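K.L.:
Provide a 3D model corresponding to the input given below.
(2 chains, ligands or ions: 2)
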Amino acid sequence: MNPFDTYAIEEGVRLKERFNSGNNGNLDVEVIAVSMGPPQAEEVLKESISLGVDSGLLLSDRAFAGADTWATAATLARAIKKIDDYKLIILGKQTFDGDTGQVGPELAHKLNLPFIGYVSSILEIDYKKVKVKRLMEDRYEIIETRLPAAISVGKDINVPRVPSLRGKLKAKKAEIPVWDKNCLDIKEKEAGLSGSYTKVIKIFTPKVKHEVKIIKGSADEQVNELYKELKELGVI
Amino acid sequence: MEIKVDSKSCTGCGICRGVCMYDAIEIIDGMAVINESCVYCGACIDVCKFNSIEIVGMEELKERDFSDYSGVCVYLETNNRKIIDVGYELISTGRILADKLNVSLSAVAIGSELENDIGEVFKYGLDKLYIIDNPVFSVNLDDIFSKALAQVIDKYKPEIFLAGATMFGRTLIPKVAAILKTGLTADCTGLSIDEEKKILLQTRPTFGGNILATIITKNSRPQMATVRPHVMEKKKIKEEIGDFGERIEYIKIDQSKFKTKYKLVDIEKELEENINITDYDVIVSGGRGLGSGDKFSLLKELADILGGVVGASRAAVDSNWISYPHQVGQTGKTVNPKVYIACGISGAIQHLAGMLTSDIIIAINKDPDAPIFNIANYGIVGDLFEVIPKMIKKIKGGKSLI
Ligand SMILES: Cc1cc2nc3c(=O)[nH]c(=O)nc-3n(C[C@H](O)[C@H](O)[C@H](O)COP(=O)(O)OP(=O)(O)OC[C@H]3O[C@@H](n4cnc5c(N)ncnc54)[C@H](O)[C@@H]3O)c2cc1C
Ligand SMILES: Nc1ncnc2c1ncn2[C@@H]1O[C@H](COP(=O)(O)O)[C@@H](O)[C@H]1O
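P.N.:
Ligands and ions are numbered 1, 2, ... in the order given. All right, here's what the predicted structure looks like:
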């Protein structure tokens, strides 16, 4: 599972627990994990269930492969529209492979939802609105917006739990529905590589450009040498 | 659409398997077989010496006519009525791209009561500046800003549009791209022009910095990219700019059409410490090797005399020695300072992902085999508690000599 999505899942499960605890009049909140990916992604959805998510949904079709963020957002949006009855979409701050953080804002735009990124805590939430604290470069912002909405979360929001034994059993038994392009009524040219506006034309490994200089000697000698180098570079 | 391996020419050499980041290739019976994990990234096609792999059945894209798009345009993000630094870096980069294409370079700034010295931007080679200055834009909110930006772009139709990959930029620009229905490449660290095709080549790190990918925007315009702050060089090319009044155009907007869905309730600054570590030229980072939280004061002292700030590995943050905004790495911040000093940090790949693009990396670690020494410019094998106090003394002493 993509590291940031573990925090998204945990936050979803915590919200459910908060609302369904009885103190809040037992709202019967449900958490659904949705993933677009190859059939093997079923495992990730099962893992989500073991962590307390109610059900998983896999969007899988050869036509979805090779999607850029736009085509990913388009496919996810179709599915979420079909789910229809939702209040909050929680995404990870970014993915591990792409790490663009673009899917959230693009998805929110397609569904005409407000989007708040980098949320580090959900301060208040009710049926109509949500108030969050988010981390920007040099400050925290407290922002409120109406629901439904989409947010993205980073690792400062919670500490994800480990799967419970009951969760694991539930996951094992769980059936993960798979929606393909027909099910989503999505055309081939809207999804996957064909539906992408961007295309990877080259993949390469960055070269270490410089030489590695190990400074030897006693601590005093090392410090003198480093000092000299830094002075030459104009750092000091 | 399908990816196919030609059974006649494939030798099963396995080179393609080596470059596949998605574990999608197996060698079965002396032939490459591509499984369901394939995302059509094309890396295998490029490395295959026998031209055995191809993607077939791709709906041919109609060559669209983009001749009404021209010029390079950059977004100048503002904070407290001032243009932030990455804006100048974008102008300098934009200038190079515009010159290659022989087109003009423009910029857009949106805010409220923007500073008067905004003309500074012309020293960096800008041709034209569009300004939207209106009280509705007094705080950066992505919904109304994206609408305004999309309108400007749609009106002036630049072929290339660049913005900073700041936290605001990374939320705002995807919305703009979504409104304009065009491609966007996030977090670029390299931009150039394919001189033959006259298109933008956008290079960015993926997989936590282990791999670089070059991306193009295939069938939509503008070609949009966010650019990582501090990577591109900012370069003043003129000291005098003369009268630039003509080159600024104020765009009027109908305020009633810009209603935000957000309410900014409050802003909290962590005043006792600098958390905006991406803004500093020098970062002194500490890891598990520090042993305890109070030892960060030593790093702070070094950072202070170098005019820098303190960073940390995840191990240090997870031990509650220092707050999360200081974390550098895949799940923390990506930094590109002039000097990055890693103290008691082993150099796990997730940490490197956040600091590999620093200009100069200095590592202090007592383990000579620590992976951090593979990527450092200068490595000091030693005890940080011995080396750093000596460093501080030396620099302080050195300074008083001047
Ligand atoms: C999904 C995922 C995401 C992650 N994201 C991040 C991230 O964003 N950032 C990050 O940093 N890590 C991240 N990690 C964790 C990463 O893998 C490492 O565990 C972490 O970076 C290790 O931190 P460290 O180097 O401080 O500690 P260690 O690996 O324990 O290294 C400590 C080093 O200190 C040296 N040392 C000890 N005492 C001294 C001394 N007196 N003087 C000099 N040297 C000394 C030791 O030789 C050792 O090399 C992530 C991991 C995962 C799985
Ligand atoms: N294929 C996908 N299926 C489900 N969610 C996704 C997918 N790709 C991205 N996301 C979500 O969007 C977030 C940001 O992804 P990215 O924009 O690719 O960095 C992730 O943390 C996920 O929550």
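K.L.:
do stretch B:157-173 and chain A come into contact?
P.N.:
Yes: residues of stretch B:157-173 contacting chain A under Cβ under 8 Å from any Cβ of the partner chain: B:166-168, B:170-172. For every residue, glycine as well, the C-beta is placed using N, CA and C.
K.L.:
just the buried members of the residues you listed?
P.N.:
By neighbour count, with 16 or more other Cβ atoms under 10 Å in any protein chain shown, those hold B:166-168, B:170-172 as buried.
K.L.:
how deep is residue 112 tucked in, by neighbour count?
P.N.:
Just so you know, I chose chain A. Residues near residue A:112, counting by other Cβ atoms under 10 Å in any protein chain shown, number 9.
K.L.:
I was after chain B.
P.N.:
Using other Cβ under 10 Å, residue B:112 has 14 other residues around it.
K.L.:
list the contacts for the closest residue to it other than its chain neighbours?
P.N.:
Sequence neighbours aside, residue B:138 is the residue nearest to residue B:112 in space, at 3.9 Å (criterion: Cβ to Cβ, 6 or more residues apart in numbering or on different chains). Applying Cβ atoms under 8 Å, 6 or more residues apart in numbering or on different chains, one finds that residue B:138 lies in contact with B:111-113.
K.L.:
ok, which stretches of the chain are helices?
P.N.:
Going with chain A. All helices of chain A, identified by DSSP state H, fall at A:3-19, A:42-50, A:69-83, A:103-110, A:165-173, A:219-232.
K.L.:
um, chain B though
P.N.:
Going by DSSP H, chain B shows helices at B:15-19, B:43-47, B:85-101, B:142-156, B:167-180, B:296-305, B:314-318, B:349-352, B:372-375, B:384-401.
K.L.:
and chain A, which residues reach ligand 2?
P.N.:
Counting by Cβ under 6 Å from any ligand atom, chain A comes close to ligand 2 at A:2, A:4-5, A:8, A:34-37, A:69, A:72, A:76, A:91-92, A:94-95, A:98-104.
K.L.:
on that earlier part again, make TSV out of the helices of chain B and add mean pLDDT and distance to residue B:256.
P.N.:
Formatted as TSV, the helices of chain B follow (pLDDT from 0 to 100; distance: least, Cβ to Cβ, whole Å):
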stretch	mean pLDDT	distance to residue B:256
helix B:15-19	88	54
helix B:43-47	84	50
helix B:85-101	97	29
helix B:142-156	95	12
helix B:167-180	95	19
helix B:296-305	95	48
helix B:314-318	94	46
helix B:349-352	89	48
helix B:372-375	93	54
helix B:384-401	83	57
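K.L.:
most tightly packed of those?
P.N.:
helix B:167-180 (a mean of 25; mean count of other Cβ atoms under 10 Å in any protein chain shown).
K.L.:
which residue is the nearest non-sequential neighbour of the residue of the stretch 201-350 of chain B found nearest ligand 2?
P.N.:
Using Cβ to the nearest ligand atom, residue B:206 is the residue of the stretch 201-350 of chain B that sits closest to ligand 2, at 9.9 Å. Leaving aside its chain neighbours, residue B:206 sits nearest to residue B:213 (5.1 Å; criterion: Cβ to Cβ, 6+ apart).
K.L.:
and if you look at residue B:26?
P.N.:
Per Cβ to Cβ, 6+ apart, closest to residue B:26 is residue B:33, 5.1 Å.
K.L.:
mind checking pLDDT for the one you found?
P.N.:
Looking at residue B:33, its pLDDT is 94.
K.L.:
I'd guessed it sits against residue B:5; true?
P.N.:
Yes: the criterion here is Cβ atoms under 8 Å, and residue B:33 meets it with residue B:5 at 6.9 Å.
K.L.:
who has more neighbours out of those two?
P.N.:
Taking other Cβ under 10 Å, residue B:33 and residue B:5 do not tie; residue B:5 has more neighbours (19 against 15).
K.L.:
now residue A:109: how far from residue B:368?
P.N.:
Using Cβ to Cβ, to the nearest Å, residue A:109 is found at 51 Å from residue B:368.
K.L.:
more neighbours: these two, which one.
P.N.:
Ranked by neighbour count (other Cβ under 10 Å), residue A:109 and residue B:368 place residue A:109 first, with 22 against 10.
K.L.:
wait, that one sits on residue B:180?
P.N.:
No: the pair residue A:109 / residue B:180 is not scored as a contact, 10.6 Å apart, by Cβ under 8 Å.
K.L.:
so chain B: which segments form each domain?
P.N.:
Listed domain ranges for chain B are B:2-57, B:72-253, B:277-396 (source: automatic domain parsing).
K.L.:
quick one: low-confidence residue ranges for the chain.
P.N.:
Unless you meant another one, I'm taking chain A. A:22-26, A:208-209 (pLDDT under 70).
K.L.:
was after chain B, sorry
P.N.:
Scanning chain B for pLDDT under 70 picks out B:58-63, B:208-209, B:270-274, B:398-402.
K.L.:
how about a cut-off of 50?
P.N.:
For chain B, the stretches with pLDDT under 50 are B:400-402.
K.L.:
residues in contact with the residue most central in space within it?
P.N.:
Central residue of chain B (Cα atoms, centre = their mean): residue B:228, 1.8 Å from the mean position. Contacts for residue B:228 (Cβ under 8 Å, 6+ apart) come out as B:165, B:187-189, B:334, B:336, B:357.
K.L.:
same thing but 7 Å
P.N.:
Residues near residue B:228 by Cβ atoms under 7 Å, 6 or more residues apart in numbering or on different chains: B:165, B:187-189, B:334, B:336.
K.L.:
in a markdown table, list those residues along with distance to ligand 2.
P.N.:
Listed next are these as a markdown table, based on distance: Cβ to the nearest ligand atom, whole Å:
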| residue | distance to ligand 2 |
| --- | --- |
| B:165 | 12 |
| B:187 | 10 |
| B:188 | 15 |
| B:189 | 16 |
| B:334 | 13 |
| B:336 | 19 |
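K.L.:
just give me the closest of these to residue A:59.
P.N.:
Set against residue A:59, the nearest of the contacts of residue B:228 by Cβ to Cβ is residue B:187 (25.3 Å).
K.L.:
any idea how far ligand 1 is from the closest one?
P.N.:
15 Å (Cβ to the nearest ligand atom, to the nearest Å).
K.L.:
name the nearest residue to that residue, sequence neighbours excluded.
P.N.:
In space, residue B:187 is closest to residue B:165, 4.6 Å off (Cβ to Cβ, 6+ apart).
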